[in-house]
Structure formats: C-alpha cells, structure tokens
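Q: Model the structure of this input:
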Amino acid sequence: CIPGTRVHILEQIDHWVRGSAASERILWVCGMAGTGKSTIASTVAHAWRFRASCAIFHFRRGQDALETPLVCALARQLGTSLVPEVRNAVLDSVRENEDIANQRLSEQFKTLLVASLRKLEGHPYPILIIVDALDECRNAKDVVDFVRLIHQHSSSFPSNVRFLLTCRPEAVLHRARGSDGWTVVDLDSASNVSNDLALFIHRACAKIRDDHCLPESWPSAGDLARLVDMSQGLFQWARTAITYISDGSPVIRLRSLLQRQSMWSGLDDLYHQILSKAMDNARKEPQKQELLRSVMGTLVAAPHPVSLEIVANLYGDSEIFEGMEQENIIEFILKDILVDLYSLLHIPTSAAEPMRFMHTSIRDLLISEERCQDRAYHIDAIHYHQQLAYLSLSVMLRLLKENICNLSDLSQAVSEITDVAERTVPKVLRYSCQAWSIHLTEGLRWPELDKHAPKGQLAAFELFSKERILGWIEVMSVIGATSEAIRMAKHVHRWLLSSPSEISESLSLVNLWNDVHRFIAAFLEPISFGPLHIYASALPHCPLKTELWRLYSLDAKVRILGGRQMSTWPSNLWTRSPDGSPHNVAFSADGTLVITGSSDCKVQSWDTETGSQVGEPPSGCWGSVRSVGWSPDGRVVAFTSSDNTIRLWDPQTGRQLGEPLTGHTQAVLSVCFSPDGGLLASGSWECTIRLWDARTGRQLGEPLTGHSDWVWSVCFSPDGGLLASVSLDDTIRLWDPQTGRQLGEPLTGHTEGVRSVCFSPDGRLLASGSDDSTIRLWDTQTRRQLGEPLTGHTYGVQSLCFSPDGRLLASGSGDSTIRLWDTQTRRQLGEPLTGHTYDVQSLCFSPDGRLLASGSYDGTVRLWDTQTRRQWDEPPTGHSDDVLSISFSPDGRVLASASFDGTIGLWDTQTGRQLGEPLPDCSGDIRDIYFSPDGRILASGSEDCTIRLWDARTGRQLGEPLTGHSDEVSSVCFSPDGRVLASGSYDSTIRLWDPRTGRQLGEPLTDDSEDVYHLCFSPDSRLLASASEDGTTRLWN
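A: Residues are numbered from 1 along each chain as shown. Below is the predicted model of the structure:
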C-alpha cells in the first residue's frame, strides 16, 4: 500500500498482531476480486519482517496441492528469521526430520510449525504467518484441512503466534471457519476506500506526469475524479488502469479510457479496452493475432505453470518463427505479440519463470462468452486443450528417448541425478509429460465430439502410445512424479473406455492403457527409485500376453530364461506388506485411504490411488493391533490392541483423540463404529462386548455378557438398531445397542467357533462364518437360518463381508482363499480368489463395491477387482506378522489392516501403496479394526484387552485406550449412526462405548456363553449381534 492509504485497516491489523488472545489467533482479510487483499498482505509482511518473525505464502491459480510448497515455504522463511530463537527452533525441527518435505500436509504442519513454535512460549515478539489468496488453491479440501489444522493445534501454539489469511468470501472458507470466532477485516464494506483510491491514483498520475514531462495541469481534477469513480472501489482496476496509461502515450490513453462508454462495469470495462487495443494492433497480421490468442489460450488451459521458454518451444514450429533462433523467438513474443498486454500479464524478467495473469478476473472474462465483448479475444478452453494436446504429444514424440539423462549406472537414484535432469530434460518436455493427458481428455470429450474427434490429436496419441510410453514413464520418474503417472494412466484408460466404439476399436489402445496403469502401480517402488529400473527390473517381469509386452518387449534389458513368468496381470490389483501381519483392513469414508492394523503395534494409512503410505502412524507401543475401523465421516480411526484398550486416532493430524478407551480386562479383538458414528462397539477375549460413546470415549452401561468364549467380532446393522456378535462358543448373538439387552436366544447351528459376522446393507440378512468351514445366512427378523450352509472352504471361515448393494458376499478362510457368493441364489461365483499363502483374516468391500480388500496371516494386504476378480499387482507389504482384520473406509479409497505385529496399516485401494507409517499398537496382537461410519475414526481391539481409537487421516491415537475388558478384545464395531462403539472380548462380555469421549456406556453385556468372536450392529443401530465360541449368536437391544 502506498503511504497514506488503507491506514485504518493497517492499524487494525497492527493492533491484532500485537494482541495476545488465543481466541483471536486468526485474522481473515475478506473481499471480492480486485479489492486489494494481496497488497495489504504484502504490506503487513513488509512492515513486520524486521520487527518480528514473519513468513508469507502467496497462492497462484492452479496450485492444487498444499503439501509440497506451503508449510515448507513458511518454515523456510521462519528459518531465516532475524530472531535467533525462532530461527534455531525451526532449523532444529528440520534437522531432526530430514524427510519432512515428502510428508503430507498435516505432518509438515505438526513438525515444522507446531513442534517448532511450541518451544517459544514466552517469546516476547509476535510470530506472524500470512497465507495470501487461499481462494486460488484449486483443491478446496486442502484449504479446509489447512484452516482446520490451525484450529486443531491452536492451543499448542504460544499466544503470540498469529495467522493472517486472505481470501474472497468463498463458501469453502466459511465452512472451514465453522462457528469459531475470527477477527474479520471486510474490504467490501470498508470505509474510506474512495479516499484511498483517490490518493493512489493522484500519486501514480503525478509520477507518470514527471516521467513523461507533462504539464502540471495533467490530469485535471475532473479526470482524476472520473478515474476514481470508474474504479468502483477496486484497487485492481486502478493498478491496471495506471499501468495501461503509463505504457503508451499517457495523454492519448487517458482520453481513450475516459471516453469509453460501456455496459460493462469496473474491471471488465478496463479489460475490454486493453484487449481490444491489443487485438486491433495485431489484426493487420493474422499470424500475429492467432499467436496472441494461442498464448492467452495456453495461460487459460494450462494445468501447470508455463513460462515464455515453454511457450516459445510449444509454438516454435509456427510459420511466423521460421528461421528464428530460440532467443529471438522469446524476444519476438515479448516485443511483438504481448507488448500491449503488459498491464494484464505478469511476465518475469527470466524467460524460465512462469507467466500468469495479473488477476484471476482476467481469465474469468476471457472464457466467458457472455462477458466477452469481442469474439476475437474470447478463449474457447476446449479448443486450446485440443491444440495443446497435439503440441504436447508432438514434443514428447520428438524429445523422449530411452535413458534421457545418459546414466551409466542402474543403481543411480532419482535423488542423486537432480542436476543431470535439469540439464537433460527440457522444461517444455517436463510440462508436456505432466499436462498431455489433461489436454487430451479435456479437449476430446465424449460424447460431445461423437465420431468427429480431431484426427491429428488421435493420430499423435496413437503413435505416442505405441512408441514412447516407456520414455514418458522414465521422465515422470526422473522428475519425481511416478505416482502422478499412475493417476494419468488410469484417467486415460477411463477416457478410452467412454469413447465411441468406432474410436476405441480403431485405436486398439484400451487394453494397452490398462496395462500401463497396472505396470506403473505394480512396479512403483523400483520405477520411483531410479528411471533405468523401468527397463532392467520392471519390464522383464511384465506379463507376456499384454499389449505393453507385445509393443515394448524388445526394450527389456534383462531376459528371464527360467522359472514361470506371468502371462496376464495377476488377479489382485496391488499388494502391499505393512509392518507386521495385517490383522484388519478398513476403507475411509471417501475411499481415498485404506488403513491396516498389524501385529507389530502399527496402524498404517495408505493412499488407495497410488498405494503409498500416508502420514505417520499413531505413536506408542501397545501390542498387536487386533482390529481397526473408520468412523462413518472418515475423520476418526478406531483400533484395538493386545493391551486391552481401544484407541481413537485422527488420521489427518496423526494424533490420538483423547485417552484410550479402557474397560476390557483382556485383549480386544474387534471394534466397530455405529453408522451414525456416535457409538463404538468392541469385543474381547473376556467374552464381553462393550459399547462406547464414540465422541466422549466413555463406556455406555455395563459390558454385554452372554457369550461363554472369546468375542471374535462385532458388527452394527446398517441402521444401527442391532449389534451382532460372534464367538468361539459357536453362537451368534443380537443385541439392542440402546439398552444393552440381548434380543432373543443365541443363533445356533454352527458346530465350531464363529469367527465372523456381517449384516447385509439392508439389515435383513446376517452372515456368519465358522471354524466348521461353513457360512450361514440368517433372517434378522425371524432369526432363522436361510437354507443350507454355504460350503466350499476346506478350513474355517474367518472373515465375511457383504458388498454395498448386498448382491455379493465375500468369505475368507484358513484355506488361504477368498470366495464370492451370490446372496440371492446362495451359490459360489466362479473360482476362489487365490494369492494369499496363509489364513485370510479380514475382508472389506470399498463403498462402491468395485474393490475388495483382504488381509492375511501371510503379512500382506491384497486388493481385488470384484468385476474381473483381479487383484492388486503386488500384495501390500509392511506387516511383519499375520493379518487378522481388515476394513474399508466408508468411501472406499482407503483400506485398513490389523496384524499380529501390533500395527495397523492404511493402504491406497487404487495403487496398493501404503499411506504413511503404520499405526503402532505394541501392547499385543490387534484382533479387529473398524472404521466409523463417517470414516474419520478407526477403532482397533487387541489382545491387551483394550480398544483404541485413531484419527483415520492423521494416524494419531485419539485419547487413551478404552479399558474394561479382562481378556483379549476380539471384535469391535461402530453402530451405523456412529454414536456407539461395541467391543467383544474373550472375557465373554460385550461393552458399549461412546467414541467421542472414550467412556464405556453402561455395564458390560454378559451371559453364560463363551468368548465373543464377532459383533455387528443392525442398520438402524438398535440391535447388536454377537457370535461366540459356544456356537451361539445373540441379539442385544
């Protein structure tokens, strides 16, 4: 801000910075486009840079991920602070966490900001963190998460830490803000704006007058007043107008600007004048006019930043550049093409730095047919996506080659060749490799194009697909974007599937791009490590009957001469090995994460798209993680462990929520959220089930007793009205979770212990699996068995899961196989799914029913496509012992697994990669895991008699373990409404817990049966079913 403007607003902000009230930690500078938010943010940063410690980050349109730049950039600035205490605190955290730049947003926030600044309590000077233009971040969820992190950790910051945010009055920030009190500076209602604008325009015109030796009478007082009036309170208009006037003849340009009579207002009117003049000047030379439109179209359509250097290379073959060198092309674009648009474009002095529009409102006008006065400068985004698709594909066809970095050593890692890559991979090639799929699929949309797709783009895409795919993967590896390549390949495959049959059949590329997606996902680790491993490690193992092998087999540097080589992709989509054997897996509510709990004390979260581990696991060591479960909203993960507790974990922040839920006296084997997320159920070795308030963590009532042996599993019905439990007492029991009363007599029929129980989505069917190798279906209304038992497994049935539409039932067994059953005909569908080498301990469908996750004692988690019955490319590795339980998050994007190794793993269901570090629960084996209905909480039950709740996004344990069981917690289950968590135990009791508080609800549910094996709520959350070792199933109210 120039001196004398925005005085009142700057004084208000200055007073806020000096304040100490924690309730006023966040100040929001709010205003519509062009009101001067960024200028105020920069002015405040400049004012405080030498008076205190200040860091600022400006968002630019197109930045869609907060993880990589934001927190690290803020920490980097604080690490150069003039205040030694602040500088040292931040640098110490960086030194202690060298890999922090590769962690997700929540981990960076906790480590670089919370942990660093927490050490500065009592520091006398303000610490100011400014984030400008949050509305420019393309991913609204990231904005909400960042603001929520500030709220979540507010109490951990010293009182002098302040966050200043600038943003338009967008709904997303209102949602993130919630009901919390912020200090708000509303620029749209600010007083004295006209006076500030008059002062700004007067001083700027005075400088123009001096620079151009104009008379003192220029401009007149009337002209100045007219400019202020035309600005309509928008500083952006004023700045753009001043730049426009000063770039040519000031007298002529001012007169032209003032004489314009327009139906448009404010910024639009000014933009029209500048764009019209630029087009008029270029109209005499059609090639120049077309190039001008192309440059603007590129800035509009580009999904990644573009520089003059990239633009010059993309359009370098145009006739207008014939005979020019690269340097001359850049200079020509600057001086002959963009010369009239300097007031609308930010053009850095370096041709390698990104260009951008001065303001997002410019882009908005260009793509709007309604607002564009002249079709000459209207930008049809689809047209320029088509153009850029062709140009990007052409660049890759020309420049991609094997071993583009000229590496001589296969062992050279990507991290070791950064300098070489800068020299050998041109920026235009980097851009093309990352942007081509977006340009192609946005430019050629089906069915709008029908059969009339541009032939040039399709021909270039076909040639690229058949000749340059490996080179593209290599560049993506070199620039550290292999996971992005998985998403791109999958997106292209789906685009091809949706194309008209004439197109897809003529290209014959559908199978090829499925192969590419499977190939990168299967060999993600070696490809990400070093680019040459594509040819030496990955390609030699490509299945022999795939299109990818047919086209590219000659590029393999190693030949497999002996042994058996795959002919087609394996039936599993991907496989990962969490730390320890995963006992349980569960998907998050949105399907983006899968969580695993394993025997090595860890709960791990995995990105379903890429298979990479997300975030840090809950810290601590509580024994084997027996069970994990997501809350319905995906915000909390509950897990149980062998220390007899249940813990709630926030997977976003990585923090445990509250204290562990205690009450079980033996290991908690199973945990389950109710559908509304209000309840958590747990089952234990002590033969009881407990219900908990999922929000408070308090146990609800007494433990549910009745089983005479371990409660192996608990499950809420979809409406939350029933809780089912199964036990090694050979029975299934149904419970009313509201009263804790058993409903009717136990369901009997199994001749050996019942290990698994599951409600159908409509709550009308209950499935139970037993050590007698059979599966039985029960009518929940009549409590009678339906038909004959389902047979086929040769060992005990240890896990069951209905598909979301209720048409499929999956079963996992000690015979290492998974079988799919038609619930209408009660017949097995196809051959068993094979791949596991030991007992299949846990199963879980993704929310859309397309994926099935399995966890096994062989230490792996596998993901299967239920339509093709294909599996992840490689089993997820990470668990070091048997996998006992698995659970999908409600949205199907995350799978959780629990293992005898005491950990819970989270997995990405799309790629099979583990998300972050496993959640450790080293108090013993984790018997069961279960997501809350909202996917936010994962509950786990373990042999230490406790249930633990975890934040499903951050991996943090929520509070202390839930204790109360006297033996291992065998099963946990949330009620469908999420208000109650039930736990079943080998202590023959079932306990109900409030997952919010971690407190037990009432007394344990008990009867004379044996260990409670499994629990399940009815869909209305009113009934709880339990299965016990005595072969009975009981219903509880």
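Q: Pop the domain breakdown of this structure in here.
A: For the chain, the structural domains run 7-189, 192-259, 261-379, 383-555, 572-1036, going by automatic domain parsing.
Q: In terms of helices and strands, where is the spatially closest residue to Asp693 that is not a sequence neighbour?
A: Once flanking residues are discounted, Asp693 sits nearest to Asp994: 0.7 Å by CB to CB, 6 or more residues apart in numbering. To be clear about C-beta, it is placed using only N, CA and C from the backbone, and glycine gets the same treatment. Asp994 is part of strand 987-996, with elements assigned from DSSP states H and E.
Q: moving C-terminal of that strand, what's the next helix or strand?
A: Remark: after strand 987-996, the chain's next helix or strand is strand 999-1002, criterion DSSP H and E.
Q: rewinding a little: want to throw the domains of the chain into a markdown table with mean neighbour count?
A: Formatted as a markdown table, these follow (neighbours: other CB atoms under 10 Å):
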| stretch | mean neighbour count |
| --- | --- |
| domain 7-189 | 18 |
| domain 192-259 | 17 |
| domain 261-379 | 17 |
| domain 383-555 | 19 |
| domain 572-1036 | 34 |
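Q: In contact with the residue positioned nearest the centre of the chain, which residues?
A: Geometric centre of the chain, nearest residue: Thr592, 6.0 Å, by CA atoms, centre = their mean. Residues near Thr592 by CB atoms under 8 Å, 6 or more residues apart in numbering: Asp607, Thr608, Glu609, Ser889, Asp891, Arg893, Val894, Asp908.
Q: Relative to Lys490, which of the residues you listed is nearest.
A: Glu609 (7.9 Å; CB to CB).
Q: The closest one is in contact with Glu484, isn't it?
A: No - applying CB atoms under 8 Å as the test, Glu609 and Glu484 come out as separate, 9.9 Å apart.
Q: Glu831 and Gly792: what is the separation?
A: Applying CB to CB, to the nearest Å, the value for Glu831 to Gly792 is 10 Å.
Q: What of Phe931?
A: From Phe931 over to Gly792 (counting by CB to CB), the distance is 29 Å.
Q: Ok, Phe321 next?
A: Computed as CB to CB, the Phe321 to Gly792 distance reads 69 Å.
Q: how close does Glu702 sit to Gly744?
A: Glu702 is 19 Å from Gly744, where distance means CB to CB.
Q: same thing with Val1012?
A: Per CB to CB, Val1012 is found 17 Å from Gly744.
Q: before we move on, what about Ala586?
A: Distance from Ala586 to Gly744, counting by CB to CB: 30 Å.
Q: now Leu299
A: 69 Å.
Q: Pull the contacting residues for Ser553.
A: Neighbour list for Ser553: Leu539, Cys542 [criterion: CB under 8 Å, 6+ apart].
Q: If you could redo that for Cys1016, that was the one I meant.
A: Residues counted as contacts of Cys1016 (CB under 8 Å, 6+ apart) are 672, 713-717, 722-726, 757-759, 766, 973, 1024-1025.
Q: Show me what whichever strand or helix holds it pairs with in its sheet, parallel or antiparallel.
A: According to DSSP H and E, Cys1016 maps onto strand 1008-1017. For strand 1008-1017, the paired strands and their directions (DSSP bridges) read strand 704-709 (parallel), strand 723-727 (antiparallel), strand 1024-1029 (antiparallel).
Q: Flag whichever of those strands has the least confidence on average.
A: Across these, strand 1024-1029 has the smallest mean pLDDT, namely a mean of 80.
Q: for that strand, the distance to its chain's centre please.
A: Centroid separation for strand 1024-1029 versus its chain: 36 Å, with CA atoms, centre = their mean, to the nearest Å.
Q: Measure how that strand sits relative to strand 987-996, angle-wise.
A: Angle between the axes of strand 1024-1029 and strand 987-996 is 150 degrees (criterion: axes from the mean of the first three to the mean of the last three CA atoms, to 10 degrees).
Q: For strand 1024-1029, output the C-alpha coordinates as PDB.
A: Extracted C-alpha coordinates of strand 1024-1029, given in PDB (Å, rounded to 0.1, in the frame of the first residue of the first chain):
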ATOM      1  CA  LEU A1024     -26.300 -55.700  18.300                       C
ATOM      2  CA  ALA A1025     -25.500 -59.200  17.200                       C
ATOM      3  CA  SER A1026     -22.700 -61.200  18.800                       C
ATOM      4  CA  ALA A1027     -21.200 -64.500  17.900                       C
ATOM      5  CA  SER A1028     -19.400 -66.600  20.500                       C
ATOM      6  CA  GLU A1029     -17.200 -69.700  20.700                       C
END
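Q: That one: what's the following helix or strand?
A: Counting by DSSP H and E, what follows strand 1024-1029 is strand 1033-1036.
Q: how about the closest residue to Asp848 other than its chain neighbours, what does it touch?
A: Once flanking residues are discounted, Asp848 sits nearest to Gly892: 5.5 Å by CB to CB, 6+ apart. Applying CB under 8 Å, 6+ apart, one finds that Gly892 lies in contact with Phe587, Asp590, Gly591, Thr608, Phe845, Ser846, Pro847, Asp848, Arg850, Leu851, Thr909.
Q: hmm, try it at 7 Å
A: Gly892 sits next to Phe587, Gly591, Ser846, Pro847, Asp848, Leu851, Thr909 when contact means CB atoms under 7 Å, 6 or more residues apart in numbering.
Q: Verify the contact between Ser81 and Arg87 for me.
A: Yes - using CB atoms under 7 Å, Ser81 is in contact with Arg87, at 4.6 Å.
Q: centre of the chain versus the helix or strand harbouring Ala853, how much separation?
A: Secondary structure from DSSP H and E places Ala853 in strand 851-856. Here the centre of strand 851-856 is set off from its chain's centre by 21 Å, with CA atoms, centre = their mean.
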